[in-house]
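Participant: any chance you can model this:
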Amino acid sequence: QVQLVESGGGLVQAGGSLRLSCAASGRTFSNSVIGWFRQAPGKEREFVAGIRWGAGSTLYADFVKGRFTISRDNAKNTVYLQMTSLKPEDTAVYSCAADWYPLIIARSARDYDYWGQGTQVTVSS
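Facilitator: Numbers count the residues shown, from 1 in each chain. A predicted model of the protein is given here:
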């Protein structure tokens, strides 16, 4: 059974940094895409970043380019989202998800097959 578990969220001041982790288990992820999404209160879920596990290619939403970095550790079966220069508008629940049969790194949540439970990120001004 596929399981994705996020960790690393918390409260940080504007301008600070956090690193989120997405630990994957249950299957071989080498052909999958792992995406990070976020959802703020009253807003729709939005794509943040994605990584093709095997090739390591990445895709970012425009609003995080230059501030966030997605990476993976094959030995630990974990994907990371390093977030720097955080802003209050980055406050949201961040979730990771796996697209099991990816043609591309999809931006739509509907293309992802498995989801973690999410971790709260709060950025104070």
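
Participant: what bridges to the most centrally placed residue in the chain?
Facilitator: Compute the mean C-alpha point of the chain, and by C-alpha atoms, centre = their mean the closest residue is residue 36, 2.2 Å away. Applying DSSP bridges to residue 36 gives these bridge partners: residue 49, residue 96.

Participant: where do the strands of the chain begin and end?
Facilitator: In the chain, the strands defined using DSSP state E lie at 3-7, 10-13, 18-25, 33-39, 46-52, 58-60, 68-73, 78-83, 92-99, 114-115, 119-124.

Participant: and those strands as TSV, adding distance to residue 108 and mean pLDDT?
Facilitator: Where you see a C-beta, it was placed from the backbone N, CA and C, and this is true even at glycine. Converted to TSV, the strands of the chain look like this (distance: least, C-beta to C-beta, whole Å; pLDDT from 0 to 100):
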stretch	distance to residue 108	mean pLDDT
strand 3-7	18	97
strand 10-13	28	98
strand 18-25	18	96
strand 33-39	10	98
strand 46-52	7	98
strand 58-60	12	98
strand 68-73	17	97
strand 78-83	18	98
strand 92-99	10	97
strand 114-115	13	96
strand 119-124	21	98
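
Participant: make JSON lines out of those strands and add distance to residue 106.
Facilitator: What follows is the strands of the chain, written out as JSON lines (distance: least, C-beta to C-beta, whole Å):
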{"stretch": "strand 3-7", "distance to residue 106": "16"}
{"stretch": "strand 10-13", "distance to residue 106": "28"}
{"stretch": "strand 18-25", "distance to residue 106": "16"}
{"stretch": "strand 33-39", "distance to residue 106": "7"}
{"stretch": "strand 46-52", "distance to residue 106": "7"}
{"stretch": "strand 58-60", "distance to residue 106": "9"}
{"stretch": "strand 68-73", "distance to residue 106": "14"}
{"stretch": "strand 78-83", "distance to residue 106": "15"}
{"stretch": "strand 92-99", "distance to residue 106": "6"}
{"stretch": "strand 114-115", "distance to residue 106": "13"}
{"stretch": "strand 119-124", "distance to residue 106": "21"}
